[in-house]
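A.B. asks: Structure for this input, please:
(one chain, ligands or ions: 1)
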Amino acid sequence: MRVGLLGSICASLLASGCVTGRASDLTLPQRPAGQAPTAPDGPVIVDNAMLGVSVRALSREVEAIRALRFQREVSFRVLSVAAIAAHFRDERGVESEAPKGDDLLAVGLGHLRDEDGNDRDEFARMMGNEAQGFYDPRDGILTLSEVEARSLSRAGPAGIEARATVVHELVHALQDQHFHGRVAVDDTAPAMTDRASVRLALLEGDATLVTLEWQARQRGARMLGTLDQRPRIARWAERAQVLTEANVPKYFIDAIELPYEAGATAVGALYERGGWTAVNAALARDELRTGAMLHPERGDEGLVVVEPAPSRSGTERVLQRELGELELRLLLAAIVRKERAGELASTWRGDSVALDRAMGVGARAPLVLQWRIACGDVQGADALVLALVPLVERWRRDGCPRMRGGSAGACPASVTVEQGPAGVTVLVRRGD
Ligand SMILES: [Zn+2]
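C.D. replies: Numbers count the residues shown, from 1 in each chain. Predicted structure coming up:
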């Protein structure tokens, strides 16, 4: 099977914001979970001239809110729901090594039991069915689903939701025109990295913030820079939920939702500190790490580069990289509530994950994962360990057949505090 959905979808389509239901906190079109869309295939008949007028008018509104001008008009197209789903499936055809690394890491971290499952295929199908529109930086075209296109000029909630979708995607187009380096898709780059997390959270957070302001203006109000900004973003993040289908691992759903929630909060905080200038500076700053993005009051202060844990004897290194604070939140979200996961993960000051495999036993050699996380202080490290102990116990009980020394009913796993050159660190290990 084709692996690496996180690589292809998050790094490209989602990065460019296909899930616009998230942007407006209005609900997606009601459709029972698991039921395929009934929209007909084939050409979609909509009035393109009228659509163009709407998109251009919304472009002017986006420019006014975002204080940035489009350098060129944004091209758009309308696709049937079925064609959008097919587009997502095609995304999965792009083969590269990076998504395979993501899959192995997901196995190593216990999010997936095995890298050859059908979970990611199922997930791609679901994403295709749920998308209302997306912006693809590879061709610079904004795609709308026929449902949104037909609603665009309507009064009432359906019209507002469709226009909010376009606003969200137009922000991605604007980002692409001004910050192409941040937006551009690299199909070969892994999705589970600190850098990829920063990219997604900034892009989706920015688009979400503009859309929330646009919605406030529809009601004759303002949000940005007012006392209502923080509570409004918090309410949105609490309610934000786009993916209704429960047939895929919780991690996939969490990983898709987090950039919107954490991103809107982070970009909101940036805006509070320095308006759009601060947001633009973050978009332009390549070396920005999750810790600095999520806690602009701290910035780079205290962030460290962490040396990976050495390979265990009899293993060779498959990969090592920095995963970032948001990936730590995702791990914690397996055992604690989202808010608590956010608090606990805020001790993150840098990390290094290393994945090794047993030597000389073929392609599916047993794996060993070691994730070393630098913490702000001893208290932060202790709290992190305390929270992770139940997860480690669950791993041991549930087993980890892909990890070295693991089986269907047992798993060598541990979480410990260490003191080293990077200060106090927590080491999470799976496989012996
Ligand atoms: Zn988006």
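
A.B. asks: distance between stretch 344-353 and the chain's centre?
C.D. replies: 17 Å (C-alpha atoms, centre = their mean, to the nearest Å).

A.B. asks: Stretch 51-65 now?
C.D. replies: Put simply, stretch 51-65 sits 27 Å off its chain's centre (C-alpha atoms, centre = their mean).

A.B. asks: same thing with stretch 184-192?
C.D. replies: The chain centroid and the centroid of stretch 184-192 are separated by 12 Å under C-alpha atoms, centre = their mean.

A.B. asks: From one end of that stretch to the other, what's the distance?
C.D. replies: Stretch 184-192 has an end-to-end distance of 17 Å (C-alpha to C-alpha, to the nearest Å).

A.B. asks: What ranges does this structure have for its strands?
C.D. replies: Here the chain has its strands, by DSSP state E, at 75-79, 133-136, 141-145, 315-321, 348-358, 367-375, 413-420, 423-430.

A.B. asks: can you put those in TSV and add mean neighbour count and mean pLDDT?
C.D. replies: All C-beta atoms are positioned from the backbone trio N, CA, C, and that covers glycine. Converted to TSV, these look like this (neighbours: other C-beta atoms under 10 Å; pLDDT from 0 to 100):
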stretch	mean neighbour count	mean pLDDT
strand 75-79	18	90
strand 133-136	26	86
strand 141-145	23	89
strand 315-321	17	96
strand 348-358	24	97
strand 367-375	25	98
strand 413-420	15	95
strand 423-430	22	97
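
A.B. asks: Ok, which of the ones you listed comes nearest the ion?
C.D. replies: The ion sits nearest to strand 133-136 of all those, at 7.4 Å, using C-beta to the ion.

A.B. asks: That closest one - contacts with which helices or strands?
C.D. replies: Helices and strands touching strand 133-136, by 3 or more C-beta pairs under 8 Å, 6 or more residues apart in numbering; DSSP states H and E, are strand 141-145, helix 157-178.

A.B. asks: hey, least reliable of these by pLDDT?
C.D. replies: Lowest mean pLDDT of the helices and strands packed on strand 133-136: strand 141-145, a mean of 89.

A.B. asks: Would you mind putting the CA coordinates of that one into CSV?
C.D. replies: What follows is strand 141-145 as a C-alpha-only set of coordinates in CSV (Å, rounded to 0.1, in the frame of the first residue of the first chain):
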residue,chain,number,x,y,z
ILE,A,141,-5.5,27.7,-8.0
LEU,A,142,-8.2,28.0,-5.4
THR,A,143,-10.6,25.1,-5.7
LEU,A,144,-14.2,25.2,-4.4
SER,A,145,-16.6,22.3,-4.1
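
A.B. asks: Which strands or helices does it pack on?
C.D. replies: With contacts taken as 3+ C-beta pairs under 8 Å, 6+ apart, strand 141-145 sits against strand 75-79, helix 81-91, strand 133-136, helix 157-178.

A.B. asks: wait, isn't L391 in contact with L330?
C.D. replies: No - here L391 lies out of contact with L330, judged by C-beta atoms under 8 Å, at a distance of 12.0 Å.

A.B. asks: Kindly reformat the strands of the chain as TSV containing distance to the ion.
C.D. replies: Output for those, formatted as TSV (distance: least, C-beta to the ion, whole Å):
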stretch	distance to the ion
strand 75-79	15
strand 133-136	7
strand 141-145	11
strand 315-321	25
strand 348-358	25
strand 367-375	29
strand 413-420	34
strand 423-430	31
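
A.B. asks: Please tabulate those strands in TSV, including the columns distance to A86.
C.D. replies: Listed next are the strands of the chain as TSV, based on distance: least, C-beta to C-beta, whole Å:
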stretch	distance to A86
strand 75-79	9
strand 133-136	13
strand 141-145	12
strand 315-321	32
strand 348-358	33
strand 367-375	34
strand 413-420	40
strand 423-430	37
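
A.B. asks: deepest of the helices and strands packed on strand 141-145, which one?
C.D. replies: Mean neighbour count (mean count of other C-beta atoms under 10 Å) peaks for strand 133-136 among these, with a mean of 26.

A.B. asks: Reformat the helices and strands packed on strand 133-136 as JSON lines; add distance to G225.
C.D. replies: Listed next are the helices and strands packed on strand 133-136 as JSON lines, based on distance: least, C-beta to C-beta, whole Å:
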{"stretch": "strand 141-145", "distance to G225": "28"}
{"stretch": "helix 157-178", "distance to G225": "18"}
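
A.B. asks: who's in contact with E261?
C.D. replies: By C-beta atoms under 8 Å, 6 or more residues apart in numbering, E261 lies in contact with A237, A240, K338.

A.B. asks: Report how many residues lie close to the second one.
C.D. replies: Residues within reach of A240, counting by other C-beta atoms under 10 Å, total 16.

A.B. asks: Against the ion, how distant is it?
C.D. replies: For A240, the distance to the ion equals 12 Å [C-beta to the ion, to the nearest Å].

A.B. asks: hang on, isn't that residue packed against P259?
C.D. replies: No - assessed by C-beta under 8 Å, A240 is found out of contact with P259, at 11.0 Å.

A.B. asks: hang on, the earlier thing: select from the contacts of E261 every entry located in helices.
C.D. replies: Counting by DSSP state H, the part of the contacts of E261 found in helices is A237, K338.

A.B. asks: Just checking: the least confident one among the contacts of E261 is which?
C.D. replies: Within those, pLDDT is lowest for A240, at 71.

A.B. asks: ok, so what distance separates that one from V426?
C.D. replies: To V426, A240 is 29 Å away according to C-beta to C-beta, to the nearest Å.

A.B. asks: ok, now P366?
C.D. replies: To V426, P366 is 24 Å away according to C-beta to C-beta.

A.B. asks: mind giving me the domain split of this structure?
C.D. replies: By the record's domain assignment, the chain is partitioned as 5-290, 315-430 (automatic domain parsing).

A.B. asks: Out of these, name the one with the poorest average pLDDT.
C.D. replies: Per-stretch mean pLDDT for the domains of the chain is lowest at domain 5-290 (a mean of 80).

A.B. asks: follow-up on the earlier one: looking only at neighbour counts, state which of L391 and L330 leads.
C.D. replies: Comparing L391 with L330 by neighbour count (other C-beta under 10 Å), the higher total belongs to L330, at 23 against 18.

A.B. asks: Is E325 in contact with L344, as I believe?
C.D. replies: No - at 10.3 Å, E325 does not count as touching L344 under the criterion of C-beta under 8 Å.

A.B. asks: Neighbours of A383, how many?
C.D. replies: Neighbours around A383, by other C-beta under 10 Å: 17.
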